[in-house]
Structure formats: structure tokens, C-alpha cells
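S.K.: make a model of this:
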Amino acid sequence: MINKKGLSDVVTTLIIILLSLVAIGIIWIVVNNVLEGGAETTEINAKCLQVDIKANAANCTVGGVCNVTYKRNAGGEDIDGIAVILSNGVSSSQEKIAGNLKPLDTKTLTDFATELSPIPNTVEIAAYFIDKSGNEQMCAPGSAFEF
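M.R.: The predicted structure follows:
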């Protein structure tokens, strides 16, 4: 027990090893979360590429009430809803409709009230999916339909 230096070296080595393991664990958690988030984004983007929804017809009255007919042309997975985006070139208005639209289905959104001035002249349809966190992940809108 005269030479206590050896015991101090062992304790120091164990503390360094323990701190290294803790640091590796923290880095692994951060990297794992980043990779999982990127994988989910890639999955949503792949689903978006398979969905093709376009407006077929649209009209708006002077009072700002619009009717929009849209059709899902391609297959792909079930969607969680769509967003109908009306625009007048200066500003836009959006209406979200929850629910799946099956491939080759056509639906009409009637009496969609908008406060845009001047009256909208363009409509775009965008699908959205709900991710694992419960957030809406919007796909890019399809081609614009001018009326």
C-alpha cells in the first residue's frame, strides 16, 4: 500500500473508457434519429411520385364561390387527403379535404368559398400523406388548370 499511483491510473483509465462509451452512445442516438427522419422523407417522396391528381374543370362566381372537379389519374398507395389551391396570380387560397381518392375516381368540390380578389383563375391539386408523427406531408401540386 505504499505505492498508490497504480490504483489512480486504473481509476483514470476506467473513467476515460466510461466517458468514451457515453459519448459513442450520444452520437449514435443523434445519427440514428437523423437517418430515420431521412428515410421517412424518402418514403413520402416516393409515394408522392406515384400519385397523379389533376383538376378537370373549375369555375368561380363573382361572390368568390368556386366549384372544382378533379380526378386521380394514376395508381399508387392510398392518400390521406388533398389540398385544392386556388390562385389569382397575386395570392392563393387553400382548402384541405381529408380522405382517400381512389385511382380513376372523379370528385367535385362545390361551394368552396374564397376571399380572393380578383376572382381566382388557376387551380392546382396536391395530395398529402400523414407521417408517423401525425404531421401532414404535402406533395408538390400537379399541373395548374386555368379557367
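S.K.: for Ile39, pull up the helix or strand it's in.
M.R.: Small correction: residue 39 is Ala, not Ile. For Ala39, the host element (DSSP states H and E) is helix 5-50.
S.K.: so what secondary structure elements neighbour that helix?
M.R.: strand 122-130 (3 or more Cβ pairs under 8 Å, 6 or more residues apart in numbering; DSSP states H and E). Bear in mind the C-beta positions are built from the backbone N, C-alpha and C, glycine included.
S.K.: please identify the buried residues of the strand it packs on?
M.R.: By 16 or more other Cβ atoms under 10 Å, the buried positions in strand 122-130 come out as Thr122, Val123, Glu124, Ile125, Ala126, Ala127, Tyr128, Phe129.
S.K.: do the same with stretch 139-147
M.R.: For stretch 139-147, burial by neighbour count (16+ other Cβ under 10 Å) applies to Cys139, Pro141, Gly142, Phe145.
S.K.: now render the residues you listed as a markdown table, adding pLDDT.
M.R.: Listed next are these as a markdown table, based on pLDDT from 0 to 100:
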| residue | pLDDT |
| --- | --- |
| Cys139 | 93 |
| Pro141 | 92 |
| Gly142 | 84 |
| Phe145 | 90 |
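S.K.: strands - which of those residues land there?
M.R.: Cross-referencing the buried residues of stretch 139-147 against strands under DSSP state E gives Phe145.
S.K.: which of the buried residues of stretch 139-147 lies closest to Leu18?
M.R.: Nearest to Leu18, judged by Cβ to Cβ, of these is Cys139 at 47.4 Å.
S.K.: how far off centre is the helix holding Ala39?
M.R.: 27 Å (Cα atoms, centre = their mean, to the nearest Å).
S.K.: now stretch 87-95
M.R.: Taking Cα atoms, centre = their mean, one finds the center of stretch 87-95 at 20 Å from the center of the full chain.
S.K.: does Ala113 have beta-bridge partners, and which?
M.R.: The partner list for Ala113 in beta bridges (DSSP bridges) reads Val65.
S.K.: so how far is Ile97 from it?
M.R.: Separation of Ala113 from Ile97 (Cβ to Cβ, to the nearest Å) stands at 14 Å.
S.K.: more neighbours: the two, which one.
M.R.: Ile97 (15 against 11; other Cβ atoms under 10 Å).
S.K.: what mean pLDDT does the helix holding Ala39 have?
M.R.: Averaging pLDDT along helix 5-50 gives 86.
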